[in-house]
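**Student:** A structural model of the following input is requested.
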Amino acid sequence: MITAMAYLVKQRHRAPAVTSPVPVDPSLPRACVIGAGSSGIAAAKALAAAGVPFDCFEAGSVVGGNWVQDNPNGRSACYETLEINTSGPRMAYSDFPMPADYPAYARHDQVAAYFDAYVDHFALRDRITFDTTVVDVSRAADRTWLVRIEGPAGEETRTYDAVLVANGHHWDPRWPEPAYPGTFDGQQIHAHDYRSAEQLRGRDVVVVGSGNSALDIAVEAGKVARSTVLSQRRGQWVLRKFFLGRPSDQAALPGWLPWWATALKLRIGALTSGNVTRLGLPQPRHAPGQSHPVQSEGIRSALRSGAVTPKPGVDRLEGDHVVFVDGSSAPADLIVWATGYRVSFPFLDPSLVDARDNDLPLWKRTIHPDLPGLYFIGLLQPVGAVMPLAEAQGVWVAETLTGRYVAPPTDEVRRRMAADHERNRRQFYASPRHTMEVDFDHYLWDLDRERRRGAARAATSRMPSGAVPGTPD
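**Tutor:** I've put the predicted structure just below:
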């Protein structure tokens, strides 16, 4: 079970129940949602429940984003053995539980079916425009947003008071920069293009990376490849998915523990899982809880059996071999670079939104104080699942657009944003993968507190004529 605090926090963040269609209120600001993945559909549901007029554009023909294998939008990194790393109850939306017969860690096809069911349950499908790509978002002189789209009917530009960006952040592959020296005679792919073990069968495979995808791919390669090497430049604490027969993220802790109990849970998980350094992987240079969790049930047995050979970081490429920093080498005809992703917004001019090195400071990972009316949904990397956090963000934005929430002055927003950024910087080691890292339970608690404060401000404030409700002044 989750901690008492986490349960109470989630209850406070429970999305408004929708028992019948909510009429659209044309007097409210008009919004655009970009993307119909897990974050986009949560945002769309929150807007629909609040009566906010909106359009949702999805480049593909289905909902579910990254959880749909071979998604027609061409951006999914989903592979055959992918399953969630957060247990179902911790991943589910607050008012739509996952089916009771799902396993503790659902498969990608089950997760995709869950998103489909969510969209149909809340009657959202007809509110989504499929096969339509947002190609440009820009600010108009009157502070509205111009959204240019391309779809089956051609190209057009629409005007909105608010834009909710939910295009995901696991679709633009980040390759090693600079590239490793030397030449390679074999094939190189990014983990984004990995789909099944058939790509690995009978080959000499080198997997480079230390995240969840790297370990998943290495384990599968160990079953079917001629040889498998897992190359890691930096060690990670590899947690098990189960503890005493239960999903690890549901392990009980005393309910009075504050939000930082998550770090304690990760430390306990690391200690009980055992240090993979004894199996040849690098010793982590950080404490448990100072990095995004890495989980694997199969990597230990693969290393013990010799199916996967551990190696340090890559030094150079030499034809049909990869040479590592310790001077050793391994034969290879396939390198899988599991080296993460860039945060990308191809529809936003970089002069407007700069996410170099994946670093885009936002207030509560949602609001850019210089760009009123522009919101980011799901642009965070939680120690836990994104979905409940994206749901809470969507509800917050809906409250903002309906005037039920009013933000504090911009200078206060900046101060608090800087304080949040500094806290996260201290908690997690410096890396592009940690620029968006947040603690699941603390984030929900903190956002709930701010929403209540904003509701109190809304009750006593008067909105200037023509302003978008709830945005910083």
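**Student:** Run through the stretch 1-150 of the chain and note the low-pLDDT ranges.
**Tutor:** 1-19 (pLDDT under 70).
**Student:** now with 80?
**Tutor:** Residue ranges of the stretch 1-150 of the chain with pLDDT under 80: 1-21.
**Student:** Please enumerate the strands of it.
**Tutor:** Assigned strands in the stretch 1-150 of the chain, in chain order: 31-34, 54-57, 128-129, 133-139, 145-151 (criterion: DSSP state E, counting those that start in this stretch).
**Student:** Tell me which strands the shortest one pairs with, and in which orientation.
**Tutor:** Neighbouring strands of strand 128-129 in its sheet, by DSSP bridges, are strand 54-57 (parallel).
**Student:** who's in contact with the strand it pairs with?
**Tutor:** With contact meaning Cβ atoms under 8 Å, 6 or more residues apart in numbering, strand 54-57 is reached by 30-36, 40-41, 43-44, 47-48, 124, 127-129, 132-134, 149, 151, 158, 160. Quick note: C-beta positions are derived from backbone N, CA and C, even for glycine.
**Student:** do that again at 7 Å, thanks
**Tutor:** The contact list for strand 54-57 (Cβ atoms under 7 Å, 6 or more residues apart in numbering) reads 30-34, 36, 40, 44, 47, 127-129, 132, 134, 149.
**Student:** how is this structure carved up into domains?
**Tutor:** Following automatic domain parsing, the chain resolves into domains at 4-171+341-460, 179-337.
**Student:** rewinding a little: out of the strands of the stretch 1-150 of the chain, which gets nearest to Val406?
**Tutor:** Closest to Val406 of the strands of the stretch 1-150 of the chain, according to Cβ to Cβ: strand 31-34, at 17.6 Å.
**Student:** just checking, what packs against the closest one?
**Tutor:** Applying 3 or more Cβ pairs under 7 Å, 6 or more residues apart in numbering; DSSP states H and E, one finds that strand 31-34 contacts helix 38-50, strand 54-57, strand 162-165.
**Student:** would JSON lines of those with distance to Pro388 and mean neighbour count be doable?
**Tutor:** Below are the helices and strands packed on strand 31-34 laid out as JSON lines (distance: least, Cβ to Cβ, whole Å; neighbours: other Cβ atoms under 10 Å):
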{"stretch": "helix 38-50", "distance to Pro388": "9", "mean neighbour count": "28"}
{"stretch": "strand 54-57", "distance to Pro388": "20", "mean neighbour count": "22"}
{"stretch": "strand 162-165", "distance to Pro388": "17", "mean neighbour count": "26"}
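**Student:** Make JSON lines out of these and add distance to Val438.
**Tutor:** Formatted as JSON lines, these follow (distance: least, Cβ to Cβ, whole Å):
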{"stretch": "helix 38-50", "distance to Val438": "14"}
{"stretch": "strand 54-57", "distance to Val438": "25"}
{"stretch": "strand 162-165", "distance to Val438": "17"}
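**Student:** Among the ones you listed, which comes closest to Ala459?
**Tutor:** Closest approach to Ala459 among the helices and strands packed on strand 31-34 is made by helix 38-50 (17.2 Å; Cβ to Cβ).
**Student:** contacting residues around the closest residue to Gly235 other than its chain neighbours?
**Tutor:** Nearest non-adjacent residue to Gly235, counting by Cβ to Cβ, 6 or more residues apart in numbering: Pro282, 3.4 Å away. Pro282 sits next to Gln232, Arg234, Gly235, Pro312 when contact means Cβ under 7 Å, 6+ apart.
**Student:** can I assume Val336 sits in a strand?
**Tutor:** Yes - under DSSP: H, G, I helix; E, B strand; the rest coil, Val336 falls within a strand.
**Student:** Neighbours of it, how many?
**Tutor:** 26 (other Cβ atoms under 10 Å).
**Student:** all numbers from here: first residue = 506
**Tutor:** Right, with 506 as the first residue, what we last looked at is Val841.
**Student:** ok, now which ones touch it?
**Tutor:** Counted by Cβ under 7 Å, 6+ apart, Val841 has contacts Ile694, Ala696, Tyr699, Val710, Val712, Val713, Ile722.
**Student:** contacting residues for the third one?
**Tutor:** Put plainly, it is Tyr699. By Cβ under 7 Å, 6+ apart, the neighbours of Tyr699 are Tyr584, Ile722, Val841.
**Student:** Please report how far it lies from Thr940.
**Tutor:** Relative to Thr940, Tyr699 is positioned 24 Å away (Cβ to Cβ, to the nearest Å).
**Student:** same check, this time on the fifth one
**Tutor:** Applying Cβ to Cβ, one obtains 24 Å for the distance of Val712 from Thr940.
**Student:** Neighbour count: those two, which is higher?
**Tutor:** Val712 (31 against 20).
**Student:** residues contacting the more buried one?
**Tutor:** Ala719, Ile722, Ala723, Ala726, Leu735, Ser736, Val841, Ala843.
**Student:** same question, Thr649
**Tutor:** Per Cβ under 7 Å, 6+ apart, neighbours of Thr649: Thr664, Tyr665, Asp666.
**Student:** Backbone dihedrals for the residue nearest to the first one when sequence neighbours are not counted, please?
**Tutor:** Computed as Cβ to Cβ, 6+ apart, the closest residue to Thr664 that is not its neighbour in sequence is Thr649, at 5.2 Å. Comment: the main-chain dihedrals of Thr649 come out as phi -80, psi 180, following degrees, to the nearest 10.
**Student:** And Thr649, how close does it get to Leu853?
**Tutor:** Counting by Cβ to Cβ, the gap from Thr649 to Leu853 is 16 Å.
**Student:** Pro789 too?
**Tutor:** As judged by Cβ to Cβ, Pro789 and Leu853 stand 36 Å apart.
**Student:** got it, and Asn717?
**Tutor:** Distance from Asn717 to Leu853, by Cβ to Cβ: 28 Å.
**Student:** From the contacts of Thr649, keep the buried residues only.
**Tutor:** Those of these that meet the buried threshold are Tyr665, Asp666, by 16 or more other Cβ atoms under 10 Å.
**Student:** Distance to Ala597 and pLDDT for the contacts of Thr649 - can I get that in CSV?
**Tutor:** Listed next are those as CSV, based on distance: Cβ to Cβ, whole Å; pLDDT from 0 to 100:
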residue, distance to Ala597, pLDDT
Thr664, 35, 98
Tyr665, 30, 98
Asp666, 31, 98
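**Student:** Go through the contacts of Thr649 and say which is closest to Pro887.
**Tutor:** Using Cβ to Cβ, these come closest to Pro887 at Tyr665, 27.8 Å.
**Student:** just checking, which of the contacts of Val712 belong to strands?
**Tutor:** Among the contacts of Val712, DSSP state E puts Leu735, Ser736, Val841 in strands.
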